[in-house]
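> sequence first, predicted coordinates after that:
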Amino acid sequence: MDFVLNSRQEFDDCIKQPGLTEIQRAARWFIRNRLSFGGMGATFAITRTQPLSSRNQRILAIQAMSRRLDRTTIENNAWEKILDLYDSSESFFFLDPPYLDSGGAAYRGWSEHELTRFCQRILRLKGKWIFTFQDCEQVRDLMAGFTLKSISRANGIGNRGKKHATQYREVIITNEREQRRGQREGRAHELHSSSPVQGGARCT
């Protein structure tokens with residue numbers, strides 16, 4: 001990869017070349033990702049106002065990622081098995097499963113049955129968790145009673161930076177119950193209100 005230029009011909013060759021080793025396939029996937037529009041690997045990216053990303057910085061980024069993952073375990077298993085293997089009272093899970101909407105070529109959307117099974121399983125986890133999903137009636141019903149925050153983001157790479165970008169709504173759900181959260185916030189407010197003032201600053 002150190003010697004592959006930001007070239008349309010190199011990009012096209014990476015798409016067409018058959019019979020590659022796994023390492024060659026990985027390198028060519030990375031090149032296609034970096035040189036394609038939106039990182040989708042299908043269309044050569046054209047930039048009129050700025051250059052393509054630095055080839056040297058890509059190599060440095062891969063090396064930095066390698067160091068970051070030095071002691072990280074990469075699993076390849078069914079989500080049920082992963083939860084069974086790693087769940088404990090000291091575990092923390094960030095859960096971002098496929099949404100009900102299909103991700104096109106990236107991933108297949110889940111069915112409502114799969115979402116239901118997933119929600120029922122995470123309710124039995126011993127560890128703490130954060131669960132992100134599209135904002136829909138199904139997940140709100142299944143996770144009723146848990147702390148939920150609604151957010152929105154620009155829908156698709158073509159919408160970034162646009163004043164009236166199409167918005168996609170998502171929810172962030174935690175394993176904390178709404179009632180317990182309200183009680184904790186109430187106690188925090190009482191402590192703040194009753195704290196003495198010293199030297200012109202309120203102690204909290």
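Sure, I can see it. Residues are numbered from 1 along each chain as shown.
> longest strand in the chain, by residue count?
strand 167-177 (DSSP state E).
> list the buried residues for it?
168, 170-171, 173, 175 (16 or more other C-beta atoms under 10 Å). C-beta coordinates here come from the backbone N, C-alpha and C atoms, glycine included.
> for it, name the packing helices and strands.
For strand 167-177, the packing partners by 3 or more C-beta pairs under 8 Å, 6 or more residues apart in numbering; DSSP states H and E come out as strand 128-134, helix 137-142, strand 146-154.
> so for it, mean pLDDT?
Mean per-residue pLDDT for strand 167-177: 92.
> quick one: contacts of that strand?
Applying C-beta atoms under 8 Å, 6 or more residues apart in numbering, the contact partners of strand 167-177 are 122, 125, 128-135, 139-140, 143, 145-155.
> any chance of the helices and strands packed on strand 167-177 in TSV, with distance to Glu90 and mean pLDDT too?
Converted to TSV, the helices and strands packed on strand 167-177 look like this (distance: least, C-beta to C-beta, whole Å; pLDDT from 0 to 100):
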stretch	distance to Glu90	mean pLDDT
strand 128-134	9	97
helix 137-142	26	97
strand 146-154	21	91
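> figure out which of the ones you listed is closest to Arg58.
strand 146-154 (25.1 Å; C-beta to C-beta).
> check which residues of stretch 131-145 are buried.
131-133, 135-136, 139, 142-143.
> state the number of residues packed around Arg34.
20 (other C-beta atoms under 10 Å).
> which two among the buried residues of stretch 131-145 are spaced furthest apart?
The widest separation within the buried residues of stretch 131-145 (C-beta to C-beta) is 14.0 Å, between Thr132 and Leu142.
> before we move on, the earlier item: of the helices and strands packed on strand 167-177, which is nearest Asn6?
It's strand 146-154; of the helices and strands packed on strand 167-177, that one is closest to Asn6 (C-beta to C-beta) at 26.5 Å.
> note down every partner strand of that closest one and its orientation.
Looking at strand 146-154 with DSSP bridges, its partner strands are strand 167-177 (antiparallel).
> can you pull the contacts of Ser89?
126-127.
> how about 6 Å then?
Going by C-beta atoms under 6 Å, 6 or more residues apart in numbering, Ser89 touches Lys126.
> that one is in what secondary structure piece?
Here Ser89 is covered by no helix or strand, with elements defined by DSSP states H and E.
> do you know how far it is from Ala144?
The gap separating Ser89 from Ala144 is 25 Å, by C-beta to C-beta, to the nearest Å.
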